[in-house]
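Participant: What would the 3D arrangement of this be:
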Amino acid sequence: MNDNIEHAYQEWSKQPNLPENLVLDLKKLQNDPEQKEDAFGTYLSFGTAGMRGVMGAGTNRMNIYTVRQAAEGLASFMETLDDATRKRGVAISFDSRYHSKEFAHESAKVLGYHNIPTFVFDDIRPTPELSFAVRHLHTYAGIMITASHNPKQYNGFKIYGEDGGQMPPKESDLITSYIRKNSNLFAIQTKPEQELRESKVMTLIGEDVDIDYLNHVKTVNIDHQLIDTVGKDMKFVYSPLHGTGKVIARRALEEAGFNNYVVVPEQTIADPEFSTTPFPNPEFPQAFDLAKKLGKKVSADVLIASDPDADRLGAAVRQPDGDYQLLSGNQIASVLLNYILSAKKKAGSLPDNGTIVKSIVSTDLAVKIAADYGVATNNVLTGFKFIAEAIHHYETYHDHTFLFGFEESFGYLIKPFVRDKDAIQTVLLLAEVAAYYKSQGKTLYDGVQEMFKKYGYYAEKTIAKEFDGLDGKDKMAHIMSELREKPLTDFNGHQVIRHADYQASTLTDQNGKQTPIDLPKSNVLKYWLDDETWLAVRPSGTEPKVKFYLEVTDQSQSAVNDKLDSYVKALDKVINQLVTH
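Facilitator: Residues are numbered from 1 along each chain as shown. Below you'll find the model as predicted:
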């Protein structure tokens, strides 16, 4: 084992007053050289989405010392700002995970040491409400302690900018440089919480922000008469998957007039063990096991679940045979978009300069729907901060009106009073869409089928290849360089008609002609084929994975399923060649 790793381990072991959980973790690592190397052989990476990792002792783990280091980096950056800007302070929220509240309060104590005001939620609140709080309280920044939909051993630290979106790259890079300067984690100073509270440098917030957030959420629903006549009696199931949705989503639903829904009782406990679903991710069918059981019992039309920090939302719809079919993030986004645009057109409120914003790895079905209503599509890089930046641009220059934003990874934004994906807004609108189809004697499943018949059947698959360990980053870099040096020219018997390298900001056609891409540089490759299929490849910004995105389209459900199967098999071969090369 590397001497530096052993030295770092011994340094941690000698520290007085280490929290008990870290002392126990160090004992576990003592005779586990592989885990010890992973914990002390590197540092938690801090990117544009903040940092995320396994909780425990070590420089590559989430613990009070790495959290203090991140907060110190933010404080050091804010000390370079003018006094009035710095005094606007930082809003802080946290989810239901182990140590989330502790990490939130430690962050406040570090910022408070620098006399930077903090506004800390009194209990768990969703990520979108934190985004709202930053805008509502006019703070300079926000911190959200969450690992979103990751398993229970993870936690994370996300920084938000003054517009309520995740911190822009320029500021994020500066904060990262300040974080790296504070290499002695045990020397970072804090101020006692009681002292901060008494001097009003640290303020608790809660119901006051909840009321204002819920008042804004009320504006999301479009057809209130529909809710009053059909929605109030419509039966559906909601699960917060042991997270923050339990606090706000239920109030939002009841205030909107949805009174006949039922919650999954076991999953409405804010449980850091995620005891009923080890992967609290609404993308996964098993997250809906209890909701399905309850749905069949009460004859629910639709099942809805939000992830632990309530920024992502998944749904399952009742099929003709009484079973439930999980919708993809792209399908949920498309059915929401279709409803928004048709309802606005019917009401005469569809603007002439309307636009939707989606990530480059999200479905082209949305592009077809938008175009049918004369609405433009803005494709941005993956990461909701880019959708937030587009909204900020529209509000500054008034050249477009934002109508909807989404990412295929189950994230949607309906109204821009929040600048991140918002499951609370989405649960209200999806319930209204379900009520709309029920008013016609149909289900949400029928609505999705109608959309496919009109615009074409779409299917997609995301394959995430994991690369753990210290050499994981090198393997991921190798895959991307291989694809850049030898771009795909054909795939599964079809020609690549153009491909994009977002790192080089170039779009290249079949003849080798290049045109520039007007987006920030990003380590993403995308290929378009002659049958409307596309493939995109990107390393994850928060996890040791390379993600391969695939979308196909055809004229029937069976045809599109067969086509997807064929492409997935071909993609598996490509991935295996890249990994073993």
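Participant: so residue 120 makes contact with residue 106?
Facilitator: No. Counting by C-beta atoms under 8 Å, residue 120 does not reach residue 106; the two are 10.9 Å apart. (C-beta placed from N, C-alpha, C; glycine too.)
Participant: what about stretch 111-125, how long is it end to end?
Facilitator: Taking C-alpha to C-alpha, to the nearest Å, stretch 111-125 runs 20 Å from one end to the other.
Participant: Can you give me the buried ones in it?
Facilitator: Within stretch 111-125, the residues that count as buried by 16 or more other C-beta atoms under 10 Å are 111-114, 116-121, 124-125.
Participant: right, and the pair among those with maximum separation?
Facilitator: 114 and 124 (26.0 Å; C-beta to C-beta).
Participant: show me where the stretch 51-200 of the chain has helices.
Facilitator: For the stretch 51-200 of the chain, helices defined by DSSP state H, counting those that start in this stretch occupy the ranges 64-78, 83-86, 100-113, 127-137, 169-181, 193-198.
Participant: Okay, buried residues for the fifth one please.
Facilitator: Buried residues in helix 169-181, counting neighbours by 16+ other C-beta under 10 Å, are found at 169, 171-172, 175-176, 178-179.
Participant: repeat for the second one
Facilitator: Residues of helix 83-86 classed as buried by neighbour count (16+ other C-beta under 10 Å): residue 86.
Participant: and the gap between residue 316 and residue 452?
Facilitator: Distance, residue 316 to residue 452, by C-beta to C-beta, to the nearest Å: 17 Å.
Participant: er, residue 219 I mean
Facilitator: 30 Å.
Participant: before we move on, what about residue 167?
Facilitator: For residue 167, the distance to residue 452 - C-beta to C-beta - is 39 Å.
Participant: repeat for residue 294
Facilitator: Counting by C-beta to C-beta, the gap between residue 294 and residue 452 amounts to 28 Å.
Participant: picking that back up, ok, residue 219 and residue 452, which is more surrounded?
Facilitator: More crowded of residue 219 and residue 452, by other C-beta atoms under 10 Å: residue 452, with 21 against 12.
Participant: Now for that one: which residues touch it?
Facilitator: 458, 557 (C-beta atoms under 8 Å, 6 or more residues apart in numbering).
Participant: Also the one 10 residues further on?
Facilitator: With contact taken as C-beta under 8 Å, 6+ apart, residue 462 is in contact with 408, 547-550.
Participant: Please identify which of the residues you listed is nearest to residue 228.
Facilitator: Residue 228 has its nearest neighbour among these in residue 408, at 33.4 Å by C-beta to C-beta.
Participant: Out of the helices of the stretch 51-200 of the chain, which is closest to residue 301?
Facilitator: Taking the helices of the stretch 51-200 of the chain one by one with C-beta to C-beta, helix 127-137 is closest: 25.0 Å.
Participant: Give me the neighbour count for residue 434.
Facilitator: Based on other C-beta under 10 Å, the number of other residues close to residue 434 is 30.
Participant: likewise the one 5 residues further on?
Facilitator: Counted by other C-beta under 10 Å, the residues lying close to residue 439 total 14.
Participant: do residue 536 as well
Facilitator: 22.
Participant: Assumed it was part of a strand.
Facilitator: Yes. Looking at residue 536 with DSSP: H, G, I helix; E, B strand; the rest coil, it is inside a strand.
Participant: so who does it touch?
Facilitator: Residue 536 sits in contact with 360-361, 524-527, 548-549, where contact means C-beta under 8 Å, 6+ apart.
Participant: Out of these, the closest to residue 486 would be?
Facilitator: For the contacts of residue 536, the nearest to residue 486 is residue 525 (11.5 Å; C-beta to C-beta).
Participant: Pull up the per-residue confidence for the closest residue to the closest one other than its chain neighbours.
Facilitator: Closest residue to residue 525 apart from its sequence neighbours, by C-beta to C-beta, 6 or more residues apart in numbering: residue 537 at 4.8 Å. pLDDT recorded at residue 537 is 97.
Participant: Now do the helices in the stretch 251-400 of the chain.
Facilitator: Using DSSP H, counting those that start in this stretch, helices in the stretch 251-400 of the chain cover 289-298, 329-347, 365-372, 384-397.
Participant: List the buried residues of the third one.
Facilitator: Neighbour counts over helix 365-372 (16+ other C-beta under 10 Å) mark 365-370 as buried.
Participant: In JSON lines: those residues, plus pLDDT and distance to residue 569.
Facilitator: As requested, the buried residues of helix 365-372 are exported to JSON lines (pLDDT from 0 to 100; distance: C-beta to C-beta, whole Å):
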{"residue": "365", "pLDDT": "98", "distance to residue 569": "23"}
{"residue": "366", "pLDDT": "98", "distance to residue 569": "27"}
{"residue": "367", "pLDDT": "98", "distance to residue 569": "27"}
{"residue": "368", "pLDDT": "98", "distance to residue 569": "27"}
{"residue": "369", "pLDDT": "98", "distance to residue 569": "30"}
{"residue": "370", "pLDDT": "98", "distance to residue 569": "32"}
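Participant: of all those, which two lie farthest apart?
Facilitator: Most distant of the buried residues of helix 365-372, by C-beta to C-beta, are 365 and 370, 9.7 Å apart.
Participant: Look up how far residue 255 lies from the closest residue to residue 240 other than its chain neighbours.
Facilitator: Spatial nearest neighbour of residue 240, chain neighbours left out: residue 246 (4.3 Å); criterion: C-beta to C-beta, 6+ apart. As defined by C-beta to C-beta, residue 246 lies at a distance of 15 Å from residue 255.
Participant: between those two, who's got more neighbours?
Facilitator: Taking other C-beta under 10 Å, residue 246 and residue 255 do not tie; residue 246 has more neighbours (23 against 13).
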